[in-house]
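Enquirer: just need the structure, nothing else, for what follows:
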Amino acid sequence: MRLIICGGGSLGTKLADVFVKEKNDVIMIEKNSIIAEKLGEKLDALVLHGDASDIKILKDAGIENCDALLVVTSDDKTNLLICEIAKSFKVGKIISRVNDAENDGIFMKLGITSAINTTTTAVVSFKKAIQDPGKRIIGLIAGDQAGIYERLVTKKSQVLNKKISEFPTNMAVCAIQRNGEYIFPKQGTALQEGDIVTISAGIQLLNNVDKLFGLK
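Expert: Next comes the predicted model:
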């Protein structure tokens, strides 16, 4: 998978490191020349120095043929502009960090794949860790009305050996991690024991998700 990461802060650097280790083709854009140079030495990825809201820089990074764009700068105005440009290039997956919760709706109205408010997500994750140890919530979307969750398929899971097409229609299986590799599932993909499944569903459906994976 070919990914462009906009922003070389701690979050962007961690994302780049993770996706590189999973054998993805990663290109990072960082505005600060000193940071860009250091990241170029540290990461096994192409690091471009430039402003990611500049169309020329995005073209240099390969936005016209990338699979996903991750926008993680600390400035929401910059992130929104980058997302708008990415939409014009019809990028398949556009995922943006939202620094101010009040801006969630603006990003969602743009119609990007996902807008993740890191502060809200951290609060919810800490709360869920206390209430339900072992369950992971990745992010909140749609104005915090829906979440993105990770669940492990075990022998107790109702979804073991089930195809994606058999999932409830009000849940979406976004990805499957199997033997260290990510799979973007099709309707005929069957879940196996040990799979880590990324699911998107309404917050009110969280108990239903847990039941499917044998956690209730």
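Enquirer: how about the residue most central in space within the chain: what's its closest non-neighbour residue?
Expert: The residue lying closest to the centre of the chain (Cα atoms, centre = their mean) is residue 95, at 6.0 Å. Distance criterion Cβ to Cβ, 6 or more residues apart in numbering; nearest residue to residue 95, sequence neighbours excluded, is residue 114 at 4.7 Å. Where you see a C-beta, it was placed from the backbone N, CA and C, and this is true even at glycine.
Enquirer: so that neighbour touches residue 96, yeah?
Expert: Yes: using Cβ atoms under 8 Å, residue 114 makes contact with residue 96 at a distance of 7.5 Å.
Enquirer: so for the two, which residue has more residues nearby?
Expert: Looking at residue 114 and residue 96 with other Cβ atoms under 10 Å, you find the greater number of neighbours at residue 96, namely 26 against 21.
Enquirer: before we move on, back to that, dump the residue contacts of the residue nearest to the centre of the chain.
Expert: Residues in contact with residue 95 (Cβ atoms under 8 Å, 6 or more residues apart in numbering) are 68, 69, 70, 71, 112, 113, 114, 115, 116.
Enquirer: pLDDT, secondary structure and distance to residue 204 added to those, as CSV?
Expert: Below are these laid out as CSV (pLDDT from 0 to 100; DSSP: H, G, I helix; E, B strand; the rest coil; distance: Cβ to Cβ, whole Å):
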residue, pLDDT, secondary structure, distance to residue 204
68, 94, strand, 28
69, 95, strand, 30
70, 95, strand, 28
71, 96, strand, 28
112, 88, coil, 23
113, 83, coil, 22
114, 81, strand, 19
115, 82, strand, 20
116, 81, strand, 20
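Enquirer: nearest residue to residue 55 other than its sequence neighbours?
Expert: residue 85 (6.0 Å).
Enquirer: measure that neighbour to residue 70 for me?
Expert: Applying Cβ to Cβ, to the nearest Å, the value for residue 85 to residue 70 is 14 Å.
Enquirer: check residue 47 too.
Expert: From residue 47 over to residue 70 the distance is 14 Å, taken as Cβ to Cβ.
Enquirer: could you chop the protein up by domain?
Expert: Per the record, the chain has its domains at 2-112, 121-212, by automatic domain parsing.
Enquirer: of these, which stretch is the most buried?
Expert: Of all the domains of the chain, domain 2-112 has the most neighbours on average by mean count of other Cβ atoms under 10 Å, namely a mean of 18.
Enquirer: so where do the helices sit in this structure?
Expert: In the chain, the helices defined using DSSP state H lie at 10-21, 33-42, 55-61, 76-88, 104-110, 118-131, 206-212.
Enquirer: mind checking those for the one nearest to residue 179?
Expert: Of all those, the one in closest proximity to residue 179, counting by Cβ to Cβ, is helix 10-21 (14.0 Å).
Enquirer: what pLDDT, on average, does that closest one get?
Expert: Helix 10-21 shows a mean pLDDT of 89.
Enquirer: gap between that helix and the chain center?
Expert: Here the centre of helix 10-21 is set off from its chain's centre by 12 Å, with Cα atoms, centre = their mean, to the nearest Å.
Enquirer: now do it: everything it contacts.
Expert: Under the contact criterion Cβ under 8 Å, 6+ apart, helix 10-21 has outside partners 1, 3, 5-6, 26, 28, 30, 39, 42-45, 70, 72-73, 97, 118.
Enquirer: run the last query once more with 6 Å
Expert: Helix 10-21 is contacted from outside by 3, 5, 26, 28, 43, 44, 45, 70, 72, using Cβ atoms under 6 Å, 6 or more residues apart in numbering.
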